[in-house]
Each structure stands twice: as structure tokens, then as C-alpha cells.
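[1] Prediction below, plus the sequence it came from.
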Amino acid sequence: MCIQNKLKIFRYNTSLLQWIFQFALVLTVIPSCKKFIEIDPPVTSTNAEIIYEDNNSAISALTGIYANMSGYNSIFSGNIGMSLLCGLSADEFTLYDGVSDQKYWAYYTNTLVSTANQNYGSEAWTTLYNFVYTCNSAIDGLANAQKLTPIVKSQLLGEARFMRAFFYFYLTSLYGNVPLALSTDPFINAQLPRSGVSNVYEQIESDLTAATGLLSDHYIDATLEKNSSERVRPTKWAALTLLARFYLYTGQYEKANTAATSVINEQGLFNLPPLNETFLANSSEAIWQLQPVRLGRNTEDAFTFIIPSTGPSDVTSPGAGNPAWLSEKLLNSFEATDQRLTNWVSHVTVDGSTYFFPFKYKSATLDDPVTEYLMVFRLAELYLIRAEALAQLNDMDGAQSDLNMIRNRAGLPGAAATGKDELLTKISQERQVELFTEWGHRWFDLKRTQTINTIMPPITSIKGGQWQSTDQLYPLPYGDIQKNPKLIQNDGYN
């Protein structure tokens, strides 16, 4: 059962101070077969109550988030997406020297900047806060909704709280301390200072814990009342996946183990399929995916990462160009017999130069049938989360067993380790070759494991920059800092 054709969704392009005042719904076409719900009035402080009086319009309000996330101009996909930009910041990509947009060079050489004339590094900030606003508006509207079907109300409230946690997870991972906006009041939000990461983490945990009790434990269709084979709406298992990741990042290893195990044990829903089936639409490994939203296209990541026979190219407009290929550092991280090299990496040779590129998504041909969805959460990450958590808890056998689940699927023998530190190193290396070019995993792993200041100086030098420890956080937008005196810029930026 596919989801379908026309949807009016939220589009926004404002600063943090302006996000309350500019909201509009525009038409986006989704290439599938079952209709999402259409609504006409924009979501504003004056009509939010109307939207949440009706199942259809309430569902559409949350559906708009997922459509926007999957779009060609989203910071979650394609050539302005997090997978590319964070991969450029880290050690995953080599940037094509013909790229003219200085933004890409700023990410690549770790020379991001936030001034009156240049803002490179704050691209995700405004978009993420606009999404947070939508979630806050939904939470307020749903709390007061009296006419929604109970199952619909519970699911939507769970989605709103899950998504708010999701967006704050990425905000704090990219920027560190961030304003914690939990309302739609423009006067409050316009003057918020940055909250400590620990306060943001408390809110993330609270939202995710609540979401696990509100979200469905099975996949549902566009009405939220019927089962579906489409894995495109968040479920309890998506909330538990992010919770497991959160607990790993915060060093709460028992809780990370428990949350990961809860999902891994759902073997009726999730398993590890062959490598070449992993990124297909509704793959048995998928915990949550995003549907493509542009007619005639599969994922935006495929169009960005798959280099055609003509070779890499400049990025001249959103959704166009193939500006980067896999770095030697990443390619050398694979073992020679790793089947991920043949299934998830491909190459082209142009004028004697060979370019290896991510090939997890394989369809970059216009008007191909829709066979691939953008993967957000998948089961392999949970095995690696649990492996790391168990290693930290000194359960070497359990950690090694989970690690080897991932290695064995890739055609590799089990990894042997003589102690905790060696096992943790092997798990880290496995994360690098399993999760490469997905959602900034490598960039965030370097930071959370405190290896970034060892690994990045020589890598940045090769890329043409000079590493500073402050480069691990991106800069806040210059304009927002000028308008809100309580906002303080990250260290290392003027």
C-alpha cells in the first residue's frame, strides 16, 4: 500500500525571530499511490485550533513535516543535506575542485564562518527551528483537541513529541548549546538564551519517553487507523531507536542496551536482509523511512551521490550536481573482502581518474519506478549501539556477538578482541564502514568519542584547511545573534 499523490505541506524560510510570523502551505507532489490529506488554511496562532478539530487536517499538519524533510531543498537529503555536509566536514568525502559554491568549501576545509557578509554552517539552524515550531504548535493544538479520534490524537501527539526530540537531537549535535523553545509565543522565543546541552538532553529524553507510550507499535496508513506495509510514519520503535542512540551518546549504557534490545527483539518486524535489499522501500531493516516527494525521482541522496559517466560536477542549483566522492581515508577503512565495497560503493572512470561514490541508493534515473525510500533509522545501528553499550558494561561476549551480526552480513569473519579498548575500537571502525554517508553519523561519532582532535588535524590539512578544536561545532546565524542579544556565538567564530 503506497501513500500518495498530492499534499499541501509546510514550507518556511525565516530566522529564529521570524518563524512565528511566516507560515504557508504549498503543494508538493509525492510519487506514490495513496493520498495524504489535503488542507487549505495555513497553520497560524489563530487557526491552529481549527486544524486540530478534524482528523484529516490534523494528520496533514504532521505529514507535512515528513514531506519537507524528504524534499530536494531539505537539510536532510540531497546536495544540501546533512549526509553530504557533515560528511564533507568529517573524513568521508573528497570535494570536486570545480565546485563554485563557497559553502561546500567552507564545510570541506572546516572554515565555516558567520559574519554580516557570509554565513556558512548555519544552514540547518533555521530549518530545524521551523520544524520545532510546527511540533510545538501541534503539541499545543492536540492537547486542546476535543473532536479527534482517540487513536489519531495519541499517534499525532506521539509523532509531534518524537519529532521535536529528533530535531533537538540534531540541533544540539551540530551547534552545542541551543535555545530551548517549547512554545509558539513569539515574544518568548525571540529572546531565548542558549540552554545547556544537559537541559536540551532532558527535554529530548522526556519527549522520547512520552512518545514511546503514545505511538503505535505497528505501521499504519494515512488515516492512522489501519495497518500498512509502508514504514513512513514514526512508530514506538522509531522513538526507542532514537532513545537508544541518545542513551549511548550520554553514556547511559544500561538504558541504551535496554532500548536497543526492545527493538532488536521485534523479529516479526525487523531483521537484517542482504546488503542489496537494505535501502529498498519498506526494507525489513527499516525502522523509519521518508518517501521521495519529487515526481519521477527516487531519493535525493542517490541523485547527489551517484556520479554519472561524465564525472563529478558543480552544484549550480538545489537538487543538481554531483560534487563529491568517497575519500581515500574512508575507502581504506574497509577490509579487502568486505561485501559492502561491492554492494554499497561503486565507481566511474573519467579521463583516467576513478571516482568511488556511495551506492547505497542505486536509482538516479528520472522516471524510474519508486523502489527506494530515504532511510532514517535502521536495525544495523541498533546492533552497533548495543555492542558498544555492552562493551562499556564489560559484557565482551555479548558485544562481540552483536558486532559480528553486522560483520557476518558483510561477508566478514567474526572480530576477535583481547580487551575492552580493542573491542571498542573495532566497534567504532565498524560504525564507520556500516553507517558511512548516512545522517552525519561519522561526524557525530568523532565528537562523542573525543577522537576528533586526533583524527581531523591531518585530514583537514589534506583538504586545504587548518583544524581548530572549535571547528567541531557549527556557527549560529549572524542575523539571529544581532537580533537577540542573549544569543552568544560559538567559540572560534567572530
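    Sure, I can see it.
[2] Mind naming the longest helix for this protein?
    helix 150-175 (DSSP state H).
[3] can you give me how far it is from the chain middle?
    The gap between where helix 150-175 is centred and where its chain is centred comes out at 13 Å by CA atoms, centre = their mean, to the nearest Å.
[4] do you know how far residue 174 is from residue 443?
    Counting by CB to CB, to the nearest Å, the gap between residue 174 and residue 443 amounts to 9 Å. Quick note: C-beta positions are derived from backbone N, CA and C, even for glycine.
[5] Quick check: closest non-adjacent residue to residue 140.
    In this structure, residue 140 finds its nearest non-sequential neighbour in residue 184, 6.3 Å apart by CB to CB, 6 or more residues apart in numbering.
[6] still on that earlier bit, residues shared between the contacts of residue 174 and residue 443?
    Both residue 174 and residue 443 lack any common contacting residue under the criterion CB atoms under 8 Å, 6 or more residues apart in numbering.
[7] rewinding a little: next, the residue nearest to residue 140: secondary structure please.
    Under the three-state scheme (DSSP: H, G, I helix; E, B strand; the rest coil), the conformation of residue 184 reads as coil.
[8] What is the burial count for it?
    By other CB atoms under 10 Å, 23 other residues sit near residue 184.
[9] same question, residue 197
    Counted with other CB under 10 Å, the burial measure for residue 197 works out to 16 neighbours.
[10] now the one 10 residues further on
    Around residue 207 sit 26 other residues, with neighbours defined as other CB under 10 Å.
[11] Could you do the one 3 residues further on as well?
    By the criterion of other CB under 10 Å, residue 210 has 18 neighbours.
[12] Next: residue 253.
    For residue 253, the neighbour count with other CB under 10 Å is 20.
[13] who's in contact with it?
    With contacts defined as CB under 8 Å, 6+ apart, the neighbours of residue 253 are 247, 388, 389, 390, 392, 393.
[14] Which of the residues you listed ranks first by neighbour count?
    Within the contacts of residue 253, most neighbours by other CB under 10 Å means residue 389, with 28 neighbours.
[15] quick one: contacts for it?
    Remark: with contacts taken as CB under 8 Å, 6+ apart, residue 389 is in contact with 247, 248, 253, 254, 256, 257, 260, 399.
[16] where does it fall, helix, sheet strand or coil?
    Residue 389 - assigned by three-state DSSP - is helix.
[17] For it, give its distance to residue 297.
    Applying CB to CB, one obtains 38 Å for the distance of residue 389 from residue 297.
[18] how far away is residue 174 from residue 439?
    Applying CB to CB to residue 174 and residue 439 gives a distance of 12 Å.
[19] Give me the more crowded residue out of those two.
    When neighbours are counted by other CB under 10 Å, residue 174 and residue 439 differ, and residue 174 comes out ahead with 26 against 21.
[20] on that earlier part again, what would the contacts of residue 253 look like in CSV with pLDDT and distance to residue 91?
    Shown next, in CSV, are those (pLDDT from 0 to 100; distance: CB to CB, whole Å):
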residue, pLDDT, distance to residue 91
247, 98, 26
388, 98, 20
389, 98, 25
390, 98, 27
392, 98, 24
393, 98, 29
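[21] From these, pick the one nearest residue 473.
    Sorting the contacts of residue 253 by how near they are to residue 473, with CB to CB, puts residue 247 at the top with 22.0 Å.
[22] next structured bit after the longest helix of the chain?
    From helix 150-175 onward toward the C-terminus, using DSSP states H and E, the following helix or strand is helix 186-189.
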